[in-house]
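Visitor: Coordinates only, no sequence provided:
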C-alpha cells in the first residue's frame, strides 16, 4: 500500500515582492499562460519572438500541466485575439481542435515542455 502526502496550501517565500492582479479572472485555467508570462517577464530570453501565443491549463507544483474546461471556447477567443498557437494539456487537444479556428494546437504535459516548444518554434520562425 502506498501513501501520498500533499501540502494542501503551499506557501512560497520569494526574495522579492510579487504582486499579480488578475482582475476578475478566477480559476486555474490561466495557470500555464500566467507561468509563461512570468517566465518571459523575469528572463532575458525571448521565448515568444513577437508572436501572440495562447495557453490554457493548470500547473501543478511539480510543473505538470492539467486539463481544464471550456477549451473549445478558449480556442475561439484565442484565435479572435490573434494567437497563432494554443498550448493545452493532451486531454484538451481534441476539444481545442474541434473549434475549427486554424490555431496550431500544441499538447504539453509540463511547463518545461511548453518552454521547450516555445524556444524551438521561436528559433525556427526566425530563420
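Guide: Looks like it came in fine. Bear in mind that the values here come from a model prediction, so they are computed numbers and not experimental data.
Visitor: can you map out the helices along the protein?
Guide: Assigned by DSSP state H, the helices in the chain fall at 31-42, 71-80, 93-97, 111-126.
Visitor: could you dump the ones you listed to TSV with distance to residue 25 and mean pLDDT?
Guide: C-beta: built from backbone N, CA, C; applies to glycine. Compiled in TSV, the helices of the chain are given as follows (distance: least, CB to CB, whole Å; pLDDT from 0 to 100):
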stretch	distance to residue 25	mean pLDDT
helix 31-42	9	91
helix 71-80	12	96
helix 93-97	19	97
helix 111-126	19	86
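Visitor: Dump these to TSV, plus distance to residue 62.
Guide: Shown next, in TSV, are the helices of the chain (distance: least, CB to CB, whole Å):
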stretch	distance to residue 62
helix 31-42	13
helix 71-80	22
helix 93-97	21
helix 111-126	9
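Visitor: Compare these and give me the one nearest residue 13.
Guide: The minimum distance between residue 13 and the helices of the chain falls on helix 31-42, with 16.3 Å, by CB to CB.
Visitor: Residues in contact with the closest one: which ones?
Guide: Helix 31-42 is contacted by residues 20, 22, 46-48, 53-59, 65, 87, 108, 111, 114-115, 118 when judged by CB atoms under 8 Å, 6 or more residues apart in numbering.
Visitor: isn't residue 64 right next to residue 108, touching?
Guide: No: assessed by CB atoms under 8 Å, residue 64 is found out of contact with residue 108, at 9.6 Å.
Visitor: Among those two, which residue is more densely surrounded?
Guide: A count of neighbours by other CB atoms under 10 Å puts residue 108 above the other of residue 64 and residue 108, at 22 against 16.
Visitor: isn't that one right up against residue 85?
Guide: No: Residue 108 lies out of contact with residue 85 (CB under 8 Å); the separation is 10.8 Å.
Visitor: Start and end of stretch 39-59, how far apart?
Guide: 13 Å (CA to CA, to the nearest Å).
Visitor: In that stretch, which residues are buried?
Guide: 47, 53-59 (16 or more other CB atoms under 10 Å).
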